[in-house]
Every structure is written in structure tokens, then in C-alpha cells.
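Engineer: A predicted structure for the sequence below; I have some questions about it.
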Amino acid sequence: MSDKDEIVVAVRNLKVGYGQNVILQDINFQVREGEVFVILGGSGSGKSTLLKNLIGLYTPLQGEVWIEGGNLLAARDDERRLLLRKFGVAYQSGALFGSMTVLENVLLPLDELSPLPEPLKELVAFGKIKLVGLAAAAQKFPSELSGGMQKRAAIARAMALDPDILFLDEPSAGLDPVTSADLDLLIKELAHRFGITFVIVSHELASIYEIADRVIMLDGQARTIVAEGHPAELRDHSTNPWVRRFFNRQPDALASGFHL
């Protein structure tokens, strides 16, 4: 994590849901520059819904999302476009266009939003591809890539416009342990070498222990944040029994019907 204390993401009194159906409420947290910050929780806790509200895909029922000093929810037109360019997003599935090569996928944001001349755009795109270890796969199509390579390509595309912040949705989902560990190493290197701030939705404990500077934990029943801190501290010292069970992968014997 960076030694700087600058707050680059601030979420204030956020309430998210659909119509009258409130999924989460009273969501408050801050993310510091250069931090790897993880949003976690059990199935159905609202992790992905929260992420979609943070990146502007959904409109919260209440509250504010501040990105590098700008209120994303209040911003309009050019101001909103400038704020959106401050972060990149890599989705769980990768969301790569199947008819485009890796290079063409990474070029897409540059073609849409960058004033650079075409040869320089391609140079920048290839630089991002090389950075995530896919130089040899630049001319391949997504169907020719492994799951881990698709995740790396998605991260390269998310970095195309040099954002300060990357939002990643379940980056380790569906990956074998070795590939997942390689992706963890990439995230740590990008954070430490380039000062990129990561906000990551995940429930993969092995990855969380490896990469997270700090986490918040969502509870679907409480509909809010029930823990915040370093994962090892929460595992060993949380006063919430459910939080300790989650981090120690301990079953709820009563809920499962077994009495030990």
C-alpha cells in the first residue's frame, strides 16, 4: 500500500437496491491511494450490486460516491465523463469482444476516447498487454485464451486509458490455484510498481489474504458492513462470531443441521 493518505474513493451513506427492495444501506468507507481494497461477503450479500453502484452502472437509492474529489452521482455531461475516465473496470467474465483480438479489445477504449494518433494508440495498447504478460497472445481471440489469460486481457483493457483506480469483479473466480496465485502477483505488482488503487469484489479467501491491504465485509441479513480491517486481524480478533467463522472457513453447525 502507498504511504500516502490521500482518499481516492469515498462512499457516504450509500443505500442500494431495486425500487422498494433495499439490498444494502448505511454503507460508508474510504479507499486510500495505492491501496488494494477488497469488498467481500457471503453469497447474496450484495457485493456485485454495490460494485455496479460504485462505477455508475446503477443509481443508488441514496448517498454519494466520490472519485478523486468528484461526486460521481451528481456530476453531469463532461464532468461525469472526466470522472469515469479516472477508473477502469474488469468484469468477472472478462467481457471481451469475441470477434476482436486481444490487441483490438485493448485498443477499443483508446479508439473511442483518446486523441492519440493511430500508431501511438497501438503502441500504448501493446504496452498494456505486455505489462500483464500477454505479449505473445496479442493477436489471439478470446476463445483461444485460457480463463486466466482472459482475466489478464480484461485488466489490460481496463488500464488502456491509464486510470488511477481499477475496479475488479471476482478476478479469481473459476481459476485454478496456480493461475489465481499468478493473478494475485500481477495485482500486487501493479499496485506497488505503478501506485494503482484497486477496489476488488471477491470471496476467494486465499487471494484476499495475499493481496488485501484492507477489506470490508458485507452481511446480507444485516444489509450493511459488519467488519472492516486487515483480513488476518478480522480472522483472529473480530468480535463478530460470523465474521470469524467466515475467515476461518468454519461451518455453521446449527445452520447445516449438524450438532458437533
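Structural biologist: Yep, it's here.
Engineer: CA atoms for contacts and neighbours, from now on please.
Structural biologist: Will do.
Engineer: tell me which residues in the one helix or strand residue 235 maps to are buried?
Structural biologist: Using DSSP states H and E, residue 235 sits within helix 231-237. Using 16 or more other CA atoms under 10 Å as the test for burial, helix 231-237 gives 231-232, 234-235.
Engineer: so can I have JSON lines of those showing distance to residue 31?
Structural biologist: Output for the buried residues of helix 231-237, formatted as JSON lines (distance: CA to CA, whole Å):
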{"residue": "231", "distance to residue 31": "16"}
{"residue": "232", "distance to residue 31": "19"}
{"residue": "234", "distance to residue 31": "18"}
{"residue": "235", "distance to residue 31": "21"}
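Engineer: which one of these sits closest to residue 214?
Structural biologist: residue 231 (6.8 Å; CA to CA).
Engineer: the closest one reaches residue 210, doesn't it?
Structural biologist: No - in this structure, residue 231 is not within contact of residue 210 by CA atoms under 8 Å, at 9.5 Å.
Engineer: name the helices or strands packed onto the longest helix along the chain?
Structural biologist: Assignment by DSSP state H gives helix 177-194 as the longest helix of the chain. Secondary-structure packing of helix 177-194 (3 or more CA pairs under 8 Å, 6 or more residues apart in numbering; DSSP states H and E): helix 147-158, helix 205-211.
Engineer: circling back: can you dump the C-alpha coordinates of the helix holding residue 235 into CSV?
Structural biologist: Extracted in CSV, the C-alpha atoms of helix 231-237 (Å, rounded to 0.1, in the frame of the first residue of the first chain):
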residue,chain,number,x,y,z
PRO,A,231,-8.2,-9.8,6.9
ALA,A,232,-5.8,-11.5,9.3
GLU,A,233,-6.9,-9.2,12.1
LEU,A,234,-10.6,-9.9,11.4
ARG,A,235,-9.9,-13.7,11.3
ASP,A,236,-8.1,-13.7,14.6
HIS,A,237,-9.7,-10.9,16.6
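Engineer: identify all contacting residues around it.
Structural biologist: Residues from elsewhere that reach helix 231-237, judged by CA atoms under 8 Å, 6 or more residues apart in numbering: 208-209, 212, 214-215, 227-228, 243-248.
Engineer: ok, stretch 133-150 next?
Structural biologist: Contacts for stretch 133-150 (CA under 8 Å, 6+ apart): 94, 96-103, 126, 129, 152-153, 174-175, 179-180, 183.
Engineer: check stretch 105-118 too.
Structural biologist: 96-97, 121-122, 125, 128-129, 153-154, 156-158, 160-161.
Engineer: name the element residue 127 belongs to?
Structural biologist: Residue 127 is part of helix 118-131 when elements are defined by DSSP H and E.
Engineer: and that helix, how far out from the chain middle?
Structural biologist: 23 Å (CA atoms, centre = their mean, to the nearest Å).
Engineer: what angle separates that helix from helix 177-194?
Structural biologist: 120 degrees (axes from the mean of the first three to the mean of the last three CA atoms, to 10 degrees).
Engineer: could you check the angle helix 118-131 makes with helix 147-158?
Structural biologist: 140 degrees.
Engineer: please spell out which residues along helix 118-131 are buried.
Structural biologist: Buried residues in helix 118-131 (16+ other CA under 10 Å): 121-122, 124-131.
Engineer: can you check stretch 197-216 too?
Structural biologist: 197-203, 207-208, 211-216.
Engineer: for stretch 86-95, same thing?
Structural biologist: Under 16+ other CA under 10 Å, the buried positions of stretch 86-95 are 86-92, 94.
Engineer: of those residues, which belong to strands?
Structural biologist: Those of the buried residues of stretch 86-95 mapping onto strands are 87-90, per DSSP state E.
Engineer: understood, closing this out.
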